[in-house]
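Visitor: kindly generate the corresponding structure for this input.
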Amino acid sequence: MEQSFVMLKPDAVQRKISGQIISRFENKGLTLIAMKMLHISEELAQKHYGIHKGKPFYNSLIDFITSSPVIATVWEGENAIKTIRNLVGSTNPQEATPGSIRGDFALNMTFNMIHASDAPDTAKSEIALFFNQDELQTYSPIINKWLVPE
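Guide: Down below sits the predicted model:
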């Protein structure tokens, strides 16, 4: 099973649509294995978005992501990264497919609701930035116990 990091950004939290977004991943069959709300420090934001340092939008990105609480999550499932990226949609909401999270909710490139890991190595490092290993709750859904014939 593959794991992926997903962060609901301040605009998702402030607009009170976090539950709707989380439901989309659950409805797709992904398993939520970690979740917490936090106010990201500037230091953590700089580590997370270090790849963008020096780009014209870097400072405004750091200001935005530290402006209000976010919800950090880890999802698990078969091909989780690709599945999540498809659900999230294009970074530019004007190019995002209707039905995707950004296509339905995002306003612009700054207020694009969500961050999702783009590759297994990225997912691993992003998960480690936001969660300790003991915070990841891997489990087998109890319903599986009753679905298996005796």
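
Visitor: next one: Glu126 from Gln94, what distance?
Guide: 26 Å (C-beta to C-beta, to the nearest Å). Any C-beta I mention is one placed from the backbone N, CA and C, and that applies to glycine too.

Visitor: of these two, which one has the most company?
Guide: Glu126 (22 against 11; other C-beta atoms under 10 Å).

Visitor: wait, that one touches Phe5, no?
Guide: Yes: here Glu126 reaches Phe5: they are 3.9 Å apart, a contact under C-beta atoms under 8 Å.

Visitor: overlap in contacts of those two?
Guide: Ser117 (C-beta atoms under 8 Å, 6 or more residues apart in numbering).

Visitor: mind listing the strands in the chain by residue range?
Guide: Counting by DSSP state E, the chain has strands at residues 2-8, 31-38, 70-77, 114-116.

Visitor: how about those, which one is nearest His52?
Guide: strand 114-116 (11.6 Å; C-beta to C-beta).

Visitor: list the helices and strands that closest one packs on?
Guide: strand 2-8, helix 80-88 (3 or more C-beta pairs under 8 Å, 6 or more residues apart in numbering; DSSP states H and E).

Visitor: please identify the most buried of these.
Guide: Burial of the helices and strands packed on strand 114-116 is given as mean neighbour count (mean count of other C-beta atoms under 10 Å); strand 2-8 ranks first at a mean of 23.

Visitor: low-confidence ranges, the protein, go.
Guide: By pLDDT under 70, the weakly predicted segments of the chain are 143-150.

Visitor: where do the helices sit along this protein?
Guide: Ranges of helices within the chain are 10-14, 18-28, 42-48, 58-65, 80-88, 101-105, 120-130, 143-147, based on DSSP state H.

Visitor: quickly note the distance from Met7 to Ala34.
Guide: Distance from Met7 to Ala34, counting by C-beta to C-beta: 12 Å.

Visitor: between these two, which contacts overlap?
Guide: 72-73.

Visitor: hmm, back to that, and the strands of the chain: which comes nearest Gly99?
Guide: Of these, nearest to Gly99 by C-beta to C-beta is strand 114-116, at 14.5 Å.

Visitor: contacts for the closest one, please.
Guide: By C-beta under 8 Å, 6+ apart, strand 114-116 touches 4-9, 12, 21, 81, 84-85, 88, 101-102, 106.
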